[in-house]
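Chemist: Model the structure of this input:
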Amino acid sequence: MATALSIRQDLATVTAGVFPTWAVYAAPPEAINGPSIVIAPRVPYRRRSDYCAQEVQLRVTLLVPRTTGAAGLDLLDTACDTWVSNVADYYADVTWESVDEIGTTVEVGAIEYITAGINAVAYVR
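Modeler: Model (predicted):
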């Protein structure tokens, strides 16, 4: 049976295959090297389901260095489309619910990133 941990790790592996030039993390790292994709729990992290054993709620955050300028938002838009159509639709145990907060700026270390967030759900059977 799959676990929440194995689902995050498998999802990171599939994502890295689709985004070979991006750093992909199965959990929030101490430092990132952008562009990056971070797969992390969101609230509520797990919940019981009538459809399967449980649902695991995930947040997929895409980050590109702010130094990319206006092209960074275009890159995020394209990356969201790519993730939704090539990862969420490919990996049978995961679906996406929404893309939100696109264009939000965060600082990690001394580097500013613009981000996009994808809310996803994984199903433990």
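Chemist: quick one: low-confidence ranges for the protein?
Modeler: Scanning the chain for pLDDT under 70 picks out the ranges 1, 48-52, 88-92, 125.
Chemist: buried stuff in stretch 116-125?
Modeler: Residues of stretch 116-125 classed as buried: Ala116, Gly117, Ile118, Ala120, Val121, Ala122, Tyr123, Val124 (neighbour count, 16 or more other CB atoms under 10 Å). Just so you know, the C-beta spots here come from the backbone N, C-alpha and C atoms, and that holds for glycine as well.
Chemist: The first one: what's it in contact with?
Modeler: Think Ala116. Under the criterion of CB atoms under 8 Å, 6 or more residues apart in numbering, the neighbours of Ala116 are Thr61, Leu62, Leu76, Asp77, Ala79, Cys80, Val99, Glu101, Ile102, Gly103, Thr104.
Chemist: Swap in 10 Å and give it another go.
Modeler: Counting by CB atoms under 10 Å, 6 or more residues apart in numbering, Ala116 makes contact with 37, 60-64, 73, 75-77, 79-80, 83, 99-104.
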